[in-house]
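Student: Coordinates for the following, if possible.
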Amino acid sequence: MTEKSKIIDFVRIEIHHANGIEAFDANTIIMTCFNTPEQISNLVSPGNPSFLSGQPALLYKTFQFETWLTHEEIYRMTMRNLNPAEALKLLELYGPVFEIHSDFYDDSTGEALQPKYPDYLSLSL
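Tutor: So this is what the prediction gives:
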């Protein structure tokens with residue numbers, strides 16, 4: 001995670017949780033998901049429901065949009081591996097923001113075009 005003063009606003013990604021805010025840029029959040037996913041999975045939800053699943057969520061916020069997502073949904077969005085229904089739901093609400101634009105998801109089917117691995121469920125968190 002990176003200090004606020006060192007991240008340019010248009011590449012800043014914030015994850016708001018019960019105990020504060022964690023700040024990333026696009027590269028550091030990917031590396032965090034690959035190397036130390038527990039840095040996100042250990043964050044405590046303030047109790048708001050995920051826009052996608054209704055489960056307890058964290059606020060994912062960029063200069064383009066903000067939405068409530070679970071730890072797993074944040075991980076899968078970062079890894080460009082949302083399921084088609086999730087991608088289409090986010091596209092419908094927010095349009096083609098960076099995380100879900102047409103380089104990463106087919107805008108008519110929601111299919112992930114560049115999924116990264118490992119799969120969230122295979123990690124031992």
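
Student: Which parts of this protein are strands?
Tutor: Ranges of strands in the chain, per DSSP state E, are 13-17, 20-24, 58-61, 66-69.

Student: The chain: helices as residue ranges?
Tutor: In chain order, the chain shows helices spanning 26-35, 38-41, 71-78, 84-94, with DSSP state H as the criterion.

Student: Could you export the strands of the chain to TSV, including columns for mean pLDDT and distance to residue 114?
Tutor: Backbone N, C-alpha and C define where each C-beta goes, glycine included. Putting the strands of the chain into TSV (pLDDT from 0 to 100; distance: least, C-beta to C-beta, whole Å) gives the following:
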stretch	mean pLDDT	distance to residue 114
strand 13-17	97	18
strand 20-24	96	19
strand 58-61	98	19
strand 66-69	98	19
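
Student: For residue 50, find the nearest of those.
Tutor: strand 66-69 (5.3 Å; C-beta to C-beta).

Student: for the closest one, packing partners?
Tutor: With contacts defined as 3 or more C-beta pairs under 8 Å, 6 or more residues apart in numbering; DSSP states H and E, the packing partners of strand 66-69 are strand 58-61, helix 84-94.

Student: Out of these, which is the most enclosed?
Tutor: For those, the stretch with the most neighbours on average is strand 58-61, a mean of 20; neighbours defined as mean count of other C-beta atoms under 10 Å.

Student: any idea how far residue 24 is from residue 45?
Tutor: The spacing between residue 45 and residue 24, counted by C-beta to C-beta, to the nearest Å, is 18 Å.

Student: Which one's more surrounded, the two?
Tutor: Between residue 45 and residue 24, residue 24 has the larger neighbour count (other C-beta atoms under 10 Å), namely 23 against 18.

Student: What's opposite the more buried one in the beta bridge?
Tutor: For residue 24, the residues forming beta bridges with it (DSSP bridges) are residue 13.
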